[in-house]
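1. sequence plus the predicted model coming up.
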Amino acid sequence: MDLGNEVQKILSWTSVCGNLALHLIWLIVHLIINVWYSALGIAHVVENTLISSGLLKSYNAINISKVRYLAVVIDSEEARQTSKVLELLRWLASIGVLKKSQTAIIEGLNKSQKATASKIKSQEAIVEGSNHGTLVEHVDLEFVSFADSKPAVAKAANLLFAKHYASTILEKPNFTESDISEALQAVGYGGPEPDLLLVYGPVRCHLGFPAWRIRYTEIVHMGPLKSMKFGSLIKAIHKFTKVHQNYG
Amino acid sequence: MLSLRFSLSPSNITLTKKNQYHFGTKFPKVFATTTSSSNSDNGNVGLGGPEVALPEGLKRELMPKHVAVIMDGHRRWARQKGLSVEQGHRAGGEKMRVLTHLCSQLGIKVLTLFAFSTENWIRPKEEVGFLMKLFLDTASSQENLDKWTRNDIRVSCIGDKSMLSKPLREALTLLEEKTKSNSGLHVMIALNYSGRHDILQATKRIAKKVNNRLLEVEDIDKNLFEQELETHCIEFPEPDLLIRTSGEQRLSNFMLWQLAYTELYFTNKLFPDMEEADFIEALMSFQPRQRRYGGYITKT
């Protein structure tokens, strides 16, 4: 009996030690993971700073011509930060995205922000023009909203019906994708297909950007607008210029 | 900050009678169970299959109803391993089974798999031929059918079937018929599918209905459109979460209409390399997201 009690005591003692050891291992592992992610965060900040300052030479010469059409989607809640939105537009202008023959498509702004953004675009164009001694080039800045997406396709369908079915032509129509593209253009919701779409907001989704136009668009989630970094923007565009698409 | 999602605090551990201690070089083996009271959020899930507890960190009420997957990276995987492209696709097929089983156990209602795009016909003839044969073998396999029936899984196919061979079309139709009464996970295979074509065929159907006076022109709106898309037959037509593997960050003409507010999860892992833990990680990254569907959240 005494032996049995002794064994029981030893087992109990070792089980407590075992639990404590497991708990200690858990804390150590947790600490390692926290340190790792802190180090990653610091590395990210350092990289952003180096990119912004131009010290990382590989990011200095971006082949911006590959980004013919850039789209920016801003979450409706985030878009309330007008100063941040305008700062983003200035960054895009400074990178050279808002130049002639390139279009920036922006979703998520309200009316007053669109008006201000248009002014910014013009001012930047004037500044660039004066620096290079040329006239102000036309810059395309397109604003879209959710109405340009699904409701627009419904309107295009209306138009196609009117054109192909409601007319006196007896031949059975056979719509093609080109017909829909043309119909969208005709109802005022056409536009280029963006090469790159940057999403600013807490959620990683494109928030209803015109569906017809993002077939092969590269989508990059940039995080919340309030914590946007110039270096991250450069990095996203630079990464896109290295992407190769198979298209099937 | 990502952290390990399990707790081993002493108060949560009750030692069972199976404690074994190996002295000497081996570590003690402790078989522990967590108390049921500390796991009130991790409800068991049973939808036709055996009840399983959710992995720690996943909440049943935040589970996406519809998960879509663009299965990318088979050829790259095969190249990396020094294998043939066909072996890469077979490995991808195995992962499809793993993913299907996982989604079934986790209580996800719909799983859409982008198996073949309209743009994939430009691939080498041998590869396309192999893929069609693989689809046919999978669709007509009795073993697969038994497994799906056992797990109450419904299988259906979206995409333009007119370009598929007759045997494959018939096998898919039969498979849809045989599993249509299953009420568990609904697996949708997107075969010869194109998001633009989906919108196009919806447009044609609506135009025909208006022409046949089944609809008025004024009735054409986005809700009507959604009823004519290929995903109209499922309870949750719009994916909550899209997973794309192999590092590509685009939709590649997949469910363009339906993905308006879908959470996009891009991972660098190639699809044949994806493990259960990787899929669970995708679900875990989805769950804490505050999805606003374009609106505001008013603070009170």
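-> Looks like it arrived, so ask away. Numbering: from 1, shown residues only, chains lettered A, B, ... in the order given.
2. beyond the lengthiest helix in chain A, next helix or strand please.
-> The helix that spans the most residues within chain A, counting by DSSP state H, is helix A:2-53. Counting by DSSP states H and E, the next helix or strand C-terminal to helix A:2-53 is strand A:69-74.
3. for residue B:78, see how far away the residue nearest the centre of chain A is.
-> The C-alpha lying nearest the average C-alpha coordinate of chain A belongs to residue A:198 (C-alpha atoms, centre = their mean; 1.8 Å). The gap separating residue A:198 from residue B:78 is 33 Å, by C-beta to C-beta, to the nearest Å. The C-beta positions use only the backbone N, C-alpha and C, and glycine is treated the same way.
4. likewise residue A:207?
-> 36 Å.
5. before we move on, what about residue A:20?
-> From residue A:20 across to residue B:78, the span is 48 Å (C-beta to C-beta).
6. quick one, strands of chain B?
-> B:13-15, B:32-34, B:44-45, B:52-53, B:66-70, B:110-117, B:154-158, B:186-193, B:241-244, B:263-266 (DSSP state E).
7. JSON lines please, covering those and showing mean neighbour count and mean pLDDT.
-> Formatted as JSON lines, those follow (neighbours: other C-beta atoms under 10 Å in any protein chain shown; pLDDT from 0 to 100):
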{"stretch": "strand B:13-15", "mean neighbour count": "15", "mean pLDDT": "35"}
{"stretch": "strand B:32-34", "mean neighbour count": "14", "mean pLDDT": "34"}
{"stretch": "strand B:44-45", "mean neighbour count": "16", "mean pLDDT": "41"}
{"stretch": "strand B:52-53", "mean neighbour count": "14", "mean pLDDT": "72"}
{"stretch": "strand B:66-70", "mean neighbour count": "26", "mean pLDDT": "97"}
{"stretch": "strand B:110-117", "mean neighbour count": "24", "mean pLDDT": "96"}
{"stretch": "strand B:154-158", "mean neighbour count": "22", "mean pLDDT": "96"}
{"stretch": "strand B:186-193", "mean neighbour count": "24", "mean pLDDT": "96"}
{"stretch": "strand B:241-244", "mean neighbour count": "25", "mean pLDDT": "96"}
{"stretch": "strand B:263-266", "mean neighbour count": "21", "mean pLDDT": "94"}
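8. chain A: which of the ones you listed is closest?
-> strand B:263-266 (4.8 Å; C-beta to the nearest C-beta).
9. where does chain B get nearest to chain A, which residue?
-> residue B:119 (2.9 Å).
10. wait, isn't that residue in contact with residue A:248?
-> Yes - at 2.9 Å, residue B:119 and residue A:248 qualify as touching, with contact defined as C-beta atoms under 8 Å.
11. those two: which is more packed in?
-> Per other C-beta atoms under 10 Å in any protein chain shown, whichever of residue B:119 and residue A:248 has more neighbours is residue B:119, with 16 against 13.
12. what's the closest non-adjacent residue to residue A:245?
-> Excluding the flanking residues, the one nearest residue A:245 by C-beta to C-beta, 6 or more residues apart in numbering or on different chains is residue A:216, at 6.2 Å.
13. now for residue A:241: which residues touch it?
-> By C-beta atoms under 8 Å, 6 or more residues apart in numbering or on different chains, the contact list for residue A:241 reads A:62-64, A:66-67.
14. I'd say residue A:237 and residue A:72 touch.
-> No - in this structure, residue A:237 is not within contact of residue A:72 by C-beta under 8 Å, at 11.6 Å.
15. chain A contacts on the stretch 51-200 of chain B?
-> By C-beta under 8 Å from any C-beta of the partner chain, the residues of the stretch 51-200 of chain B that approach chain A are B:117-123, B:195-197, B:199-200.
16. just the buried ones from those?
-> The neighbour count (16 or more other C-beta atoms under 10 Å in any protein chain shown) marks B:117-120, B:123, B:195-197, B:199-200 as buried among those.
17. where's whichever residue of chain A sits closest to chain B, which helix or strand?
-> Going by C-beta to the nearest C-beta, chain B is nearest to residue A:248 of chain A, at 2.9 Å. Using DSSP H and E, residue A:248 maps to neither a helix nor a strand.
18. then residue A:221?
-> With DSSP H and E as the criterion, the answer for residue A:221 is strand A:218-223.
19. rebuild the contacts of residue A:241 as CSV, extending it with neighbour count, distance to residue A:228 and pLDDT.
-> Converted to CSV, the contacts of residue A:241 look like this (neighbours: other C-beta atoms under 10 Å in any protein chain shown; distance: C-beta to C-beta, whole Å; pLDDT from 0 to 100):
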residue, neighbour count, distance to residue A:228, pLDDT
A:62, 18, 18, 72
A:63, 11, 23, 74
A:64, 16, 19, 75
A:66, 13, 22, 80
A:67, 22, 18, 82
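20. distance to chain B for these - can I get that in JSON lines?
-> Shown next, in JSON lines, are the contacts of residue A:241 (distance: C-beta to the nearest C-beta, whole Å):
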{"residue": "A:62", "distance to chain B": "18"}
{"residue": "A:63", "distance to chain B": "18"}
{"residue": "A:64", "distance to chain B": "19"}
{"residue": "A:66", "distance to chain B": "15"}
{"residue": "A:67", "distance to chain B": "14"}
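21. lowest-pLDDT helix or strand in chain A?
-> Within chain A, no helix or strand scores below helix A:111-131, which has a mean of 51 by mean pLDDT, DSSP states H and E.
22. how is the chain divided into domains?
-> Assuming you mean chain A. Chain A breaks down by the TED database into domains covering A:1-61, A:63-242.
23. I was after chain B.
-> For chain B, the TED database gives the domain ranges B:56-193+B:237-286, B:195-229.
24. most packed of those domains?
-> Per residue and on average, the most neighbours among the domains of chain B fall to domain B:56-193+B:237-286, with a mean of 19 (mean count of other C-beta atoms under 10 Å in any protein chain shown).
25. first-to-last residue distance for that domain?
-> Using C-alpha to C-alpha, to the nearest Å, one end of domain B:56-193+B:237-286 lies 15 Å from the other.
26. give me the mean pLDDT for stretch A:12-28.
-> Per-residue pLDDT values across stretch A:12-28 average out to 93.
27. looking at the domains of chain B, which has the lowest confidence?
-> domain B:195-229 (a mean of 86).
28. picking up where we left off before, what would the domains of chain B look like in CSV with distance to residue A:225?
-> Formatted as CSV, the domains of chain B follow (distance: least, C-beta to C-beta, whole Å):
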stretch, distance to residue A:225
domain B:56-193+B:237-286, 18
domain B:195-229, 28
